[in-house]
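Novice: 3D model of this:
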Amino acid sequence: MRTAAAAAHDAIVVGAGPNGLVAANMLADAGWRVLVLEAQDTPGGAVRSDREVHPDFVHDTFSAFYPLARASRAMTSLRLEDHGLVWDHAPAVLGHPYGDAQWALLHRDRERTAAGLDELRAGDGEAWLELCTTWDRIGPSLVDGLTSPFPPVRAGARLLPALARAGGLDVVRRLATPVASLGRELFSGPAAPLLLAGNAGHADFPLASPGSGVFGVLMTMLGQTVGFPVPRGGAQSLTDALVARLVSRGGTLTTGTPVTRVVVRGGRVSGVVTADGGWYAAPAVLADVVAPRLFGDLVRAEDLPARVVRGMRHFELDPGTVKVDWALSGPVPWTARPADVPGTVHVADSVEEMTRTLAQVGSGVVPDRPFLLTGQMTTSDPTRSPAGTESMWAYTHVPQPDATRSDAGGEISGRWDLDDLERFADRMQARIEERAPGFGDLVAARRVLGPHELEARNANLIGGAVNGGTSQLHQELVFRPVPAMRGRAATGLPGLYLASASAHPGGGVHGAAGANAARAAIWHQRTRSLPRRHTRQVAP
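Specialist: Purely as a prediction, here's the structure:
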């Protein structure tokens, strides 16, 4: 077996996604010698961009808008703007066309959002401002609590009095209300409920389930406060800034080097082995790896605590994803296109339709009228394509390939082969055409990425699952990824830390899972007085 030429590292981070790179940066800040090993030839995980669709167009391969990156302390504390990152915003944050050429619009200016809602239904503007006032009181502490290591003692100490000032148990009850019901409770018209429900649909909550309400409010209010920003030049710019900062702190990144095994000796981690036979020694491994690929795969089941192995038998992935990218020769011809064009557009006729569609996905049925999340990237960042054109994408959730029972439209086999993907992409495109007649005539190029293609480009996206496991309440907080870990990054195997979206607080580009893992590793090193400098270890 080939031994790494360099001396042993203080920590190895497996995976150069945003969580892995945040963890590596924090460890480097603490003076640790850090090596990041990435399987793909390009770092970034699900934060990457390319010109594959058309040479003149930049498309974000996976994620695209980053409100959580602008709200999470894990990201903002790194000051990535000092390393070349520039944020851009569309004229409006979010739009949802509905009815007869009407639009629900979300602006970063709450007064403008409220005025637009009031024009659609008198009184809804005032109700919107009341919701914003409640968020002002509880939002910062809630975001800190959700992105802090569990239990969030300090953030919780701030959140409890904030909740009391905002309305106490009534506010808690509202946050626990399913988003489909919450929208009807707070507003009399359909526009504001569409904004809340559409944002809840970014995760895999059934809209009639508890948890959907607080997530819908969270995403909507983040749009209202920090917007849905994009990195200028493409998602890769966010990754490039994380890498540049890491290197400036003395960290090392190696790409094209898949880790095949985390080695355990004497009941604790001693290093990793890579696909080319490399052996890298370190007393700490932080794995930006989806839980099913870490527990029982990279780490043998016999090396893991029995309670973790038992818990993983019940681990549930989130649904699969189909994403379509378009290079358009002109702007999207939305009916009654708003003067302030939104960067993000949700496509669904009603909250009821969204509820039905997400219920279909949850029951293993491919939707006949998929709920689309779309991004107009040139509208958000003019560098993405030539003037007068649009770099656009849309994605939607579908059942996991091995959980697909039927197709409500009657033409998808569930294999998600090329034929399935093209048929389903046509179905998605037809939904946009309903709201933007002539859309198809503008398509210069199209790319379809389904569950298998997404997983091939990022092994963490099993079957196209983009959140590292379901976001539903039975697998969140103390239950994430398994109850045995109690929502913490420490796995129960000394030296091994879970730093991926499978860990608390779950999916989204906030870096919190990586930050939590780094804090846990640093804390264990300090409290247990682990040696910080090591001689080279013998290869396994």
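Novice: Before we move on, what's the pLDDT of S529?
Specialist: Note for S529: predicted pLDDT of 56.
Novice: next one: the one 4 residues further on
Specialist: Confidence at R533, expressed as pLDDT, is 45.
Novice: Same check on G211?
Specialist: In this model, G211 carries a pLDDT of 85.
Novice: Tell me, how many residues neighbour the closest residue to G95 other than its chain neighbours?
Specialist: Closest residue in space to G95, ignoring its immediate chain neighbours: P342 at 3.5 Å, by Cβ to Cβ, 6 or more residues apart in numbering. All C-beta atoms are positioned from the backbone trio N, CA, C, and that covers glycine. Neighbour count of P342, defined by other Cβ atoms under 10 Å: 29.
Novice: Which phi and psi values does P342 adopt?
Specialist: Main-chain torsions, P342, degrees, to the nearest 10: phi -80, psi 150.
Novice: Dump stretch 258-266 to CSV, restricted to CA.
Specialist: In CSV, the C-alpha atoms belonging to stretch 258-266 read as follows (Å, rounded to 0.1, in the frame of the first residue of the first chain):
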residue,chain,number,x,y,z
PRO,A,258,-11.9,9.0,-3.5
VAL,A,259,-11.6,7.7,0.1
THR,A,260,-12.5,4.0,0.2
ARG,A,261,-12.1,3.3,3.9
VAL,A,262,-11.8,5.0,7.3
VAL,A,263,-9.3,2.9,9.2
VAL,A,264,-10.0,2.1,12.9
ARG,A,265,-7.4,0.8,15.3
GLY,A,266,-7.7,0.2,18.9
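Novice: Specify the beta-bridge partners of the residue nearest to G95.
Specialist: For P342, the beta-bridge partners are A92 (DSSP bridges).
Novice: need the contact list for it.
Specialist: By Cβ atoms under 8 Å, 6 or more residues apart in numbering, the residues touching P342 are A90, P91, A92, V93, L94, G95, L105, L106, Q376, T379.
Novice: State the three-state secondary structure for L253.
Specialist: Secondary structure, DSSP: H, G, I helix; E, B strand; the rest coil: L253 is strand.
Novice: And the closest residue in space to it that isn't next to it in sequence, its phi and psi?
Specialist: In space, L253 comes closest to V36 once its chain neighbours are excluded; the distance is 4.6 Å by Cβ to Cβ, 6+ apart. When read as degrees, to the nearest 10, the backbone of V36 gives phi -110, psi 130.
Novice: Share the number of residues neighbouring P382, please.
Specialist: Per other Cβ under 10 Å, the neighbour tally for P382 reads 12.
Novice: A16 too?
Specialist: A16 has 27 nearby residues by other Cβ under 10 Å.
Novice: dump the residue contacts of it.
Specialist: Residues in contact with A16 (Cβ under 8 Å, 6+ apart) are V36, L37, E38, Q40, P43, G44, G45, T239, V243, L253, T255, D288.
Novice: That one falls within a helix, correct?
Specialist: No: A16 is assigned coil when assessed by three-state DSSP, not a helix.
Novice: Just the pLDDT for it.
Specialist: 98.
Novice: just G167 next, same as before
Specialist: Here, the pLDDT recorded for G167 equals 83.
Novice: likewise V153?
Specialist: The model reports V153 with a pLDDT of 69.
Novice: try the one 4 residues further on
Specialist: At A157 the predicted local distance difference test score is 78.
Novice: So which of the contacts of P342 belong to strands?
Specialist: Here DSSP state E is the test, and these give A92, V93, L94, G95, L105, L106, Q376 as lying in strands.
Novice: Just send those residues back as a markdown table, with distance to M392 and pLDDT too.
Specialist: Formatted as a markdown table, these follow (distance: Cβ to Cβ, whole Å; pLDDT from 0 to 100):
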| residue | distance to M392 | pLDDT |
| --- | --- | --- |
| A92 | 16 | 98 |
| V93 | 17 | 98 |
| L94 | 15 | 98 |
| G95 | 13 | 98 |
| L105 | 18 | 98 |
| L106 | 19 | 98 |
| Q376 | 6 | 98 |
